[in-house]
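# Output the structure for:
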Amino acid sequence: MRSVLSPGSGISNRFILSLCMLLLASLFAGCVTTTDSRFAREEDEDKAVANYVQLATAYLSQGNTDRARKHLERALDLQADDPAALATQGLLMQREGEPELAEESYRKALRSDPGYTRGRVFYGAFLYREERYEESREQFVTASRDTGYEDRASVFYNLGRASERTGDMDAAVGAYRRALELDRGNPRWLLALSRALVETGDYAAASGYYSRLTTMMQRNPQLSHTPESLLVGIRIARHFRNYDQESSLALLLRNQYPDSEEYRQYKVLTADDNG
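Numbers count the residues shown, from 1 in each chain. You can find the predicted model right below:
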């Protein structure tokens, strides 16, 4: 029986084999190109969403809510579950006086990505403004566990404020100390910790931190006393019976902030003494 392959079939086989290899290579190349294109589209989409959110945030900071809304709509049209877009939408709704819609957006953002710490910080601040202090504190406690968050010191500062509102002054002191450890040069943290220590009766520690604050003020002309910092200093001076220091700070408080709540509190202190 004659073989199916003729004497010249070796060349034909090699040709067919080469053709098959070329076809397979083209097929795989097409698959890779298609996959690469899909990844490129996804990457471009992510960048577009991030850019829209960035623009929306910038417009919000300028008070331009209309422009912010347009950019957020574009971002959410591309990715309806993007946590950054949803959290920023919460800020927009909050700015427009729509607390229920704001909370809905914050919750959606955290459902989409429970690890989105910035959104959790936004939500915690929202809850604090709504005077839901215990819930606010819970959000800041969770946010504080994210060791990679770039503004972790302010998370602890906000945690301290929420803890104060719930009456847990020891927790507030601990949170303010942690904020100061992470950002030693921040006068807000120093003042908050000094005040909280005064509230707990630890005047010695409060005096040390307050001295650091006043030294910072002396070295930086852009820093100046606030009604709060003056009252804290007055209370420390009164405790240690440093009457010259108390009089000096009280004079500043009366002259610079006569209508402040802190000056009214000071007058109550002196009235108690006179009584």
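# was I right about residue 113 contacting residue 119?
Yes: using Cβ atoms under 8 Å as the test, residue 113 is close enough to residue 119 to be in contact (7.5 Å). Using the backbone N, CA and C atoms, a C-beta is placed for each residue, glycine as well.
# shared neighbours, those two?
residue 83 (Cβ atoms under 8 Å, 6 or more residues apart in numbering).
# When those two are compared, which one has more neighbours?
Between residue 113 and residue 119, counted using other Cβ atoms under 10 Å, residue 119 has the larger neighbour count: 27 against 16.
# what's the helix or strand for residue 46?
In this structure, residue 46 sits in helix 9-61 according to DSSP states H and E.
# Toward the C-terminus, what is the element adjacent to that helix?
Trace forward from helix 9-61 with DSSP H and E and the next one is helix 65-78.
# distance between stretch 81-100 and the chain's centre?
The chain centroid and the centroid of stretch 81-100 are separated by 14 Å under Cα atoms, centre = their mean, to the nearest Å.
# mind listing what residue 177 touches?
residue 193.
# Can you tell me how far it is from residue 239?
The gap separating residue 177 from residue 239 is 20 Å, by Cβ to Cβ, to the nearest Å.
# swap in residue 188?
Counting by Cβ to Cβ, the gap from residue 188 to residue 239 is 23 Å.
# cool, residue 119 as well?
Separation of residue 119 from residue 239 (Cβ to Cβ): 42 Å.
# looking at it, residue 125 is touching residue 158, isn't it?
Yes: between residue 125 and residue 158 there is a contact under Cβ under 8 Å: 6.6 Å.
# Could you give the average pLDDT over the helix or strand residue 237 falls within?
Assigned by DSSP H and E, residue 237 belongs to helix 227-239. Averaging pLDDT along helix 227-239 gives 98.
# Can you give me the buried ones in that helix?
Going by neighbour count (16 or more other Cβ atoms under 10 Å), the buried part of helix 227-239 is 227, 228, 229, 230, 231, 232, 233, 234, 235, 236, 237, 238.
# Next: stretch 206-226.
Applying 16+ other Cβ under 10 Å to stretch 206-226 flags 206, 207, 209, 210, 212, 213, 214, 225, 226 as buried.
# ditto for stretch 259-275
Applying a neighbour-count criterion of 16+ other Cβ under 10 Å, one finds 260, 262, 263, 266 buried in stretch 259-275.
# dump the residue contacts of the second one.
By Cβ under 8 Å, 6+ apart, the contact list for residue 262 reads 227, 228, 230, 231, 253.
# same thing but at 6 Å, please
Neighbouring residues of residue 262 by Cβ atoms under 6 Å, 6 or more residues apart in numbering: 227, 231.
# How much space separates it from residue 249?
Distance of residue 262 to residue 249, computed by Cβ to Cβ: 11 Å.
# likewise the last one?
For residue 266, the distance to residue 249 under the criterion Cβ to Cβ works out to 9 Å.
# what ranges do the helices span in the stretch 51-200 of the chain?
For the stretch 51-200 of the chain, applying DSSP state H, counting those that start in this stretch gives helices covering 65-78, 83-95, 99-112, 117-129, 133-144, 152-165, 169-182, 187-200.
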